[in-house]
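Q: Predicted coordinates and the sequence they were generated for:
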Amino acid sequence: MSDTPQSEPRRSDDRSGADDATAAAAAGSTDAAAAAVSSKTGGIAGPPGGPGGVDGDEPAVARTVGESDEQLQDAWTDYEFDGDAKVSVSDLDTYYGEERALESVSLDIPAESVTALIGPSGCGKSTFLRCLNRMNDRIRGARVEGRVALDDRDVYGDGVNLVELRRQVGMVFQEPNPFPKSIRDNISYGPRKHGDLETGLLARLLGRDDRDAERDLVERALRRAALWDEVSDRLGDNALGLSGGQQQRLCIARCLAVDPDVILMDEPASALDPVATAKIEDLIEELAEEYTVVVVTHNMQQAARISDQTAVFLTGGRLAEYDATDAIFQNPQSQRVEDYVAGKFG
Ligand SMILES: Nc1ncnc2c1ncn2[C@@H]1O[C@H](COP(=O)(O)OP(=O)(O)O)[C@@H](O)[C@H]1O
Ligand SMILES: [Mg+2]
């Protein structure tokens, strides 16, 4: 396993989204990052040779150097769990121009739990996450096929309101990206945008003043994100003055303030020191009592510590295995997943 944080490819127009309260700008790839990834891929898998039988129709998958030959099996990804799926993904393909980033990914994500997405750099984890709240819509040339359902509703269906979708499915990025505003305004921005708070002069003249509601909401979100005790006496201060770990918890609080169902996190702790990381990990576990959390991490111990189930993606954008986290780390069915979690490649 690599200890080096992998730098996330970013688009030059990355910025905090002023147009969507909780959805900040989508990260994408630069040519350099794409080249780095393709130089790592070791060509196309050869003849079937993996353990435990082979599905002859299985298409070949590009591999990272060090991966063994192996055909993927559908049985390795059909994870059974009690209760309904909060998010249900079937036959998802994603392309950037001609390049396929995800191939036939199907998985159901249980409500109120932590799902970890792991796999080598460039295998499509961020792409997958962005498919869930349609952040890929913002990337020119990106194309998504297949079905993503949230509570049985098709996320890509006609008439889906993207602002509402991204309220319901919030996102937290690797680099904390608070707005350059006060701590209070970072939290109240989203609810205001959604029309849930009106505190301006005009509102007061019209007889509506929600300043008490704002105070309550700000406190509630900050408490929920385990940040209140550290900032309650300086809510008017600029959020950019907070430490990295505090900024990341603020971004989580900002996401909670609009009352989401699902929280997507893309390597949320990889820019943080160990103490700040531990706080984020604790918080993620707590949030799963109420929310559906899907978290990308390149830190396998972190996945093992905080998640209930783990999906392992491999080079070529295929989902190799999806199961209870203990099963993935202690008794994986795929040889490649076993090698990956043992740190033999990636
Ligand atoms: N905005 C983009 N434009 C073109 N290609 C992209 C873009 N974003 C990602 N890719 C490519 O898609 C593949 C998957 O990338 P990504 O989802 O970022 O992987 P991961 O998060 O697992 O590192 C890579 O080959 C990457 O270069
Ligand atoms: Mg990524």
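A: The structure has been received and is ready for your questions. Numbering: from 1, shown residues only. Ligands and ions are numbered 1, 2, ... in the order given.
Q: who's in contact with the residue nearest to L162 when sequence neighbours are not counted?
A: The shortest distance from L162 to any non-neighbouring residue, by CB to CB, 6 or more residues apart in numbering, is to R134 (6.1 Å). Every residue, glycine included, has its C-beta placed from N, CA and C. By CB atoms under 8 Å, 6 or more residues apart in numbering, the residues touching R134 are V144, V155, Y156, V160, L162, L165, R166.
Q: From E230, how far off is R134?
A: When distance is defined by CB to CB, to the nearest Å, R134 is 34 Å away from E230.
Q: and the nearest residue to R153 once chain neighbours are set aside, helix, strand or coil?
A: Excluding the flanking residues, the one nearest R153 by CB to CB, 6+ apart is V160, at 8.0 Å. Under DSSP: H, G, I helix; E, B strand; the rest coil, V160 falls in the coil class.
Q: starting at the chain centroid, how far to the helix or strand hosting A278?
A: Assigned by DSSP states H and E, A278 belongs to helix 274-287. Put simply, helix 274-287 sits 15 Å off its chain's centre (CA atoms, centre = their mean, to the nearest Å).
Q: same check, this time on stretch 107-116
A: Taking the mean of its C-alpha atoms, stretch 107-116 sits 12 Å from the chain's own mean (CA atoms, centre = their mean).
Q: how about it, does it get close to ligand 1?
A: No. For stretch 107-116, no contact with ligand 1 is found by CB under 6 Å from any ligand atom; the gap never falls below 12.8 Å.
Q: mean confidence score for that stretch?
A: For stretch 107-116, mean pLDDT is 97.
Q: Quick one: residues in contact with it.
A: 77, 79, 81-89, 284-285, 288-297, 302-303, 306-311, 319, 322, 325.
Q: filter the residues you listed to the buried ones?
A: Buried subset of those (neighbour count, 16 or more other CB atoms under 10 Å): 77, 79, 85-89, 284, 288, 291-297, 302-303, 306-311, 319, 322, 325.
Q: related to what we said a few turns ago, could you list the buried residues of the helix holding A278?
A: For helix 274-287, by 16+ other CB under 10 Å, it's A276, T277, K279, I280, E281, L283, I284, L287.
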